[in-house]
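> After the sequence you'll find the predicted model.
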Number of protein chains: 2
Amino acid sequence: MPSSSRTREQAIERFWETVPPLWGLIRSHIREVATANFDITVEQFHVLRFVRRGPGSMSQLAAAKNISRPAISQAADALERKGYVRRVGRSDDRRYVELELTRAGNDLLDAVFDETRAWMRQRMRSLSETELEAITNAMPALRKMMDEPANPAVKKP
Amino acid sequence: MPSSSRTREQAIERFWETVPPLWGLIRSHIREVATANFDITVEQFHVLRFVRRGPGSMSQLAAAKNISRPAISQAADALERKGYVRRVGRSDDRRYVELELTRAGNDLLDAVFDETRAWMRQRMRSLSETELEAITNAMPALRKMMDEPANPAVKKP
DNA sequence: GTATAATAGTTTCGTTACTTAACTATTATC
DNA sequence: GATAATAGTTAAGTAACGAAACTATTATAC
């Protein structure tokens, strides 16, 4: 069993010294852009992103974003009030409510994304092709971490 | 000029579909661990991490974490109240205040980190050596993004 | 087929994390 | 030595959450 792999420890180590501060930086940029030029907060932006990714029920959104259902419900309130999102009941099971992007929401998201992508491009401008590929290649591996079940899945005999 | 590189666009694309949800997952795990088993919140944990990384002034911490100085000041209040951190004035310039980890703070951080690392190891257990290396290799490239100055640095003639 | 349980969403309430603006203390500058 | 700049804090307001309690709808049990 190659289980206490050195490689893995190193990946974890570097992950922790890199991702949190980077995420903080991105977050603060979005905050700046989204609140100054646009009409939303960072968190609302992220909810919009998830909605566009594939409209789902409130619970699904909460699960995807790893926050509580009330939190999604409240974010939806704010976004609906601003006209960026619509609540749509599902006819086959009336307990479910789905969120749909409105036209305005879609446009807003495009605008914020354009801004943010431009900013990232700037930040990446001195990276070599090799470095960019390194980033691209790492992402699928990181995604795998999310798919892993949380617990070791106790074997039933 | 190779400026609108395809590779770069792809890196950005994948980054956005990977990092935010992954970060959300990690965040929610830490919240669980830190508030259930320990005495702190997610954000306080992150502040402690920065303090350990190298004790610096309040402003430096704020800059490192990309949040406002008041936010750091308040986090420091909470952490000091709980005894995990100490405010230490600098003698050469009395405007500065630095944060130091107390013994308790250090132990707490170790404990939370142990928990979190174990959890990450779990989540990484099905990754191949190649995938782990991909993660390790991407991190320095991502760090570079943080070092870039925010603005294109207008050339002065 | 009603009673009971489970599930999706919401409301309420309290806590924490932030920000901006205004204020204090200290050091630099002219 | 007056003025400006800088580090930190305080104050006040907003947003993001979670937990618990509540409503509406669908599934299960008997």
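In hand now; what should we look at?
> could you point out where chain A is predicted with low confidence?
Scanning chain A for pLDDT under 70 picks out the ranges A:1-4, A:148-157.
> which bits of it sit near DNA strand C?
For chain A, the contact set with DNA strand C under Cβ under 7 Å from any atom of the strand comprises A:28, A:31, A:57-60, A:69-70, A:72-74, A:76-77, A:87, A:95-98. Bear in mind the C-beta positions are built from the backbone N, C-alpha and C, glycine included.
> Could you list which of the residues you listed also contact DNA strand D?
A:Pro70, A:Gln74, A:Arg95.
> which of these has the most neighbours?
With neighbours defined as other Cβ atoms under 10 Å in any protein chain shown, the most crowded of those is A:Gln74; it has 14 neighbours.
> among the residues of chain A next to DNA strand C, which are in strands?
A:Arg87, A:Val97, A:Glu98 (DSSP state E).
> rewinding a little: return the member of the ones next to DNA strand D among the residues of chain A next to DNA strand C nearest to DNA strand D.
A:Pro70 (3.5 Å; Cβ to the nearest atom of the strand).
> Can you list the buried residues in stretch A:72-88?
Burial within stretch A:72-88, assessed by neighbour count using 16 or more other Cβ atoms under 10 Å in any protein chain shown, is assigned to A:Ile72, A:Ala75, A:Ala76, A:Leu79, A:Tyr84, A:Val85, A:Arg86.
> what's in contact with that stretch?
The contact list for stretch A:72-88 (Cβ atoms under 8 Å, 6 or more residues apart in numbering or on different chains) reads A:39-41, A:43-44, A:47-48, A:51, A:58, A:61-62, A:65, A:97-102, A:104-105, A:108.
> Give me the distance between the two termini of that stretch.
One end of stretch A:72-88 sits 15 Å from the other (Cα to Cα, to the nearest Å).
> now do stretch A:85-98
Stretch A:85-98 stretches 10 Å from its first residue to its last (Cα to Cα).
> quick one: contacts for the spatially most central residue of chain A?
Against the mean C-alpha coordinate of chain A, by Cα atoms, centre = their mean, the closest residue is A:His46 at 5.7 Å. With contact taken as Cβ under 8 Å, 6+ apart, A:His46 is in contact with A:Lys65, B:Pro20.
> Distance from stretch A:7-14 to the middle of the chain?
Mean C-alpha position of stretch A:7-14 versus that of the full chain (Cα atoms, centre = their mean, to the nearest Å) differs by 23 Å.
> do it and chain B meet?
Yes. Using Cβ under 8 Å from any Cβ of the partner chain, we find that stretch A:7-14 touches chain B at A:Thr7, A:Arg8, A:Gln10, A:Ala11, A:Ile12, A:Arg14.
> Put the buried members of those residues into a PyMOL selection.
Remark: buried members of the residues of stretch A:7-14 next to chain B, expressed as a PyMOL selection using 16+ other Cβ under 10 Å:
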select buried, chain A and resi 7+8+11+12+14
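> other SSEs contacting the helix ranked longest in chain A?
Longest helix in chain A, counting residues (DSSP state H): helix A:6-36. The contact analysis (3 or more Cβ pairs under 8 Å, 6 or more residues apart in numbering or on different chains; DSSP states H and E) places helix A:6-36 against helix A:42-53, helix A:103-123, helix B:6-36, helix B:42-53, helix B:58-65, helix B:103-124, helix B:129-147.
> Run a quick neighbour tally on A:Asp114.
Neighbours of A:Asp114 under the rule other Cβ under 10 Å: 10.
> I misspoke; the intended subject was A:Asn37.
Neighbours around A:Asn37, by other Cβ under 10 Å: 10.
> What values do phi and psi take at it?
Dihedral pair for A:Asn37: phi -90, psi -20, per degrees, to the nearest 10.
> What's the separation between the closest residue to it other than its chain neighbours and A:Ile30?
In space, A:Asn37 comes closest to A:Glu115 once its chain neighbours are excluded; the distance is 7.2 Å by Cβ to Cβ, 6 or more residues apart in numbering or on different chains. Separation of A:Glu115 from A:Ile30 (Cβ to Cβ, to the nearest Å): 9 Å.
> More neighbours: which of those two?
Taking other Cβ under 10 Å, A:Glu115 and A:Ile30 do not tie; A:Ile30 has more neighbours (21 against 17).
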